[in-house]
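**Student:** sequence plus predicted model, see below.
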Amino acid sequence: MQKARVVIIGSGPAGLTAALYTARAQLKTVVITGKLLGGQIATTHEVENFPGFPDGTTGPELVENMKQQAEKFGAEFVFDSVTSVDFSRGSPFKVTTDGDEFLADAVVVTIGANPRELGVPGEREYVGRGVSYCATCDGYFFRGKDIVVVGGGDSALQEGIFLTKFANTVNIIHRRDQLRASVALQTRAFSNPKIRFTWDTVVEEVKGANGVVNAVRLRNVKTGEVKDQPTDGVFVFIGYDPNSGVLGGQLAVDDAGYVVIDELHRTSVEGVFAAGEIHDSVFRQAITAAGDGCKAALTAIKWLGEREDRLQTLDTATMAAGS
Ligand code: NAP
């Protein structure tokens, strides 16, 4: 069993920034990284929209720099996944990993959300080589290209419209003949000359040659017709799943499973804070996650300071009563 003032669960930009702040505030900070140090951004090849890098950077480099900066102030990293948490008795909280247990005065939850995958052959193989789940991150690499977008919700249409800034054509492939997206987005998409729709159709396979995507195999769910559609890229927007399962229902979440926080990043349990995509279903950017991590850490630092003052006052009162 290890003790820490702050345990940060997750190591994406939110977690790494929170670690920098709590460690720099001289609080013993342990970051439990999860399966992949850096989370989603670690799988992004080029990052051009994180301020401070005029020539861009790579996801792994950004993560390594943020980790080193937090380590410089004493943050410790545990390369393990959290299997359960116990917030039921208040601070100190118990956090259990595959290999250890931690007692933490405060916890910052930054376990993120993952874009849903299609789950078809070729999809994983071509992630970063034509398959993407982030238009803001990767759209620029598809200048003048012909791409497909999968999905029929707000994300598919909003990101599809955004992608027309770069791509030559955007073919939105939807499994039904009616969109889930808002009417406003539908109107904008229908009037965009670069966008066309393929209805009642699912992607059955992502195909490629020479290490990059060159086609998708499509199946019309009504007629059963199967055909290969040449494409340079496949953007998948079929929803996101927050990784709230490991919290075991101990923090309040909304209908979609995102952790509910107040404006100071406090969760429903006093002493547990949340930052990044585990609470944010809207912005989903590395920089917004980092800003969130900073805010959650500052609130945690203040809360720990006030708690210490309260405990000292109690101690003094107890001693005075006993003397
Ligand atoms: P969503 O609303 O859940 O839509 C997911 C879309 O993907 C649906 O059209 C769904 O088809 C389709 N889909 C799901 N699984 C699929 C699969 N395995 N294969 C093919 N298609 C599949 O997700 P979202 O668009 O990411 O939006 C998430 C939330 O964020 C929503 O509440 C949305 O309103 C909000 N949002 C808002 C904005 C905005 O206001 N501008 C922008 C983005 C997101 P079916 O329709 O057939 O189920």
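**Tutor:** Right, received. Where do you want to start?

**Student:** give me the neighbour count for the residue of the chain found nearest the ligand.
**Tutor:** Proximity of the chain to the ligand (CB to the nearest ligand atom) peaks at G153, 2.4 Å away. Quick note: C-beta positions are derived from backbone N, CA and C, even for glycine. Other residues near G153 come to 16 when the count uses other CB atoms under 10 Å.

**Student:** same question, R116
**Tutor:** Neighbours of R116 (other CB under 10 Å): 14.

**Student:** who's in contact with it?
**Tutor:** Residues near R116 by CB atoms under 8 Å, 6 or more residues apart in numbering: 236, 238-241.

**Student:** any idea how far the residue of the chain closest to the ligand lies from F166?
**Tutor:** According to CB to CB, to the nearest Å, G153 stands 21 Å off from F166.

**Student:** quick check: phi and psi on P54?
**Tutor:** The phi/psi pair for P54 (degrees, to the nearest 10) reads phi -60, psi -30.

**Student:** now, the contacts of R116 that are in strands?
**Tutor:** 236, 240-241 (DSSP state E).

**Student:** which one (most neighbours) among the contacts of R116?
**Tutor:** Among these, V236 has more neighbours than the rest - 26 neighbours, counting by other CB under 10 Å.

**Student:** so that one makes contact with Y133?
**Tutor:** Yes: between V236 and Y133 there is a contact under CB atoms under 8 Å: 5.5 Å.

**Student:** common neighbours of those two, please.
**Tutor:** Residues touching both V236 and Y133 (CB under 8 Å, 6+ apart): P115.

**Student:** could you identify the most distant pair in the contacts of R116?
**Tutor:** Across those, the longest distance by CB to CB is 13.0 Å; it joins V236 and D241.

**Student:** helices of the stretch 201-323 of the chain, residue ranges please.
**Tutor:** For the stretch 201-323 of the chain, the helices defined by DSSP state H, counting those that start in this stretch cover 286-322.

**Student:** my read: P51 touches I287, true?
**Tutor:** Yes: assessed by CB under 8 Å, P51 is found in contact with I287 at 6.6 Å.

**Student:** neighbour-wise, which of the two wins?
**Tutor:** With neighbours defined as other CB under 10 Å, P51 and I287 compare such that I287 has more, 15 against 7.

**Student:** how near is the more buried one to D105?
**Tutor:** In this view, I287 and D105 are 29 Å apart by CB to CB.
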